[in-house]
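> Requesting a structural model of the entry that follows:
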Amino acid sequence: MNIADLPALNATLNAAATVLLLSGWASIKMNKKSAHICFMILTLLVSSAFLTSYLVYHFNAGHVPFPGKGFIKIFYYVMLFTHVVLAIVNLPMVILTVIPAVKQRFDKHKRIARWTFPVWLYVSVTGVLVYLFCYVWFV
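Take a look at the predicted model:
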């Protein structure tokens, strides 16, 4: 694997995070707490691997310009802006969601998770879309 392979790996990790997040949400809705814990631990691991791979890639490759034109370029940059801002906000939100769960303060965990889940899901989904826009659809 080389640096050029990392964007596809990042998209795969984001897609996996999306599936794991949805699985974790579904399992807690069905009151399957052990499954929820497993899915969320896997989500944390996959998202950590993504962040590491993302940082390695951009440290080596730098900025990747979007090749699209017209309205789609505006759409892409609006999506990218919201993705980046929410990704930055998401990291402390995840930490603030995990800490009460580890401390078995599930009332607090649930209150914070209601906000963290949709942000994390949006960031994961738009991460895949950013990859598709830059490396698949508009090359």
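> Tell me who's in contact with the residue positioned nearest the centre of the chain.
The centroid of the chain falls nearest to residue 124 when counting by C-alpha atoms, centre = their mean (3.0 Å). Applying C-beta atoms under 8 Å, 6 or more residues apart in numbering, we find residue 124 in contact with 14-15, 17-18, 21, 47. Every residue, glycine included, has its C-beta placed from N, CA and C.
> what's the distance between it and residue 108?
From residue 124 over to residue 108 the distance is 24 Å, taken as C-beta to C-beta, to the nearest Å.
> go on, residue 52?
Computed as C-beta to C-beta, the residue 52 to residue 108 distance reads 29 Å.
> Neighbours of residue 93, how many?
By other C-beta atoms under 10 Å, the residues close to residue 93 number 17.
> Oh, that last question was meant for residue 64, not what I typed.
Other residues lying near residue 64 total 12 when counted by other C-beta under 10 Å.
> any idea how far it is from residue 47?
Per C-beta to C-beta, residue 64 is found 21 Å from residue 47.
> Let me know the secondary structure of residue 22.
The assignment at residue 22 comes out as helix when based on DSSP: H, G, I helix; E, B strand; the rest coil.
> swap in residue 135?
Here residue 135 is recorded as helix under three-state DSSP.
> ok, the residue nearest to it when sequence neighbours are not counted - contacts?
Closest residue to residue 135 apart from its sequence neighbours, by C-beta to C-beta, 6 or more residues apart in numbering: residue 7 at 5.3 Å. If you count contacts by C-beta under 8 Å, 6+ apart, residue 7 has them with 57, 64, 131, 134-135.
> Just after the helix or strand harbouring residue 38, pick out the following helix or strand.
If you go by DSSP states H and E, residue 38 is part of helix 33-61. Next along the chain after helix 33-61, taking DSSP H and E as the criterion, comes helix 71-102.
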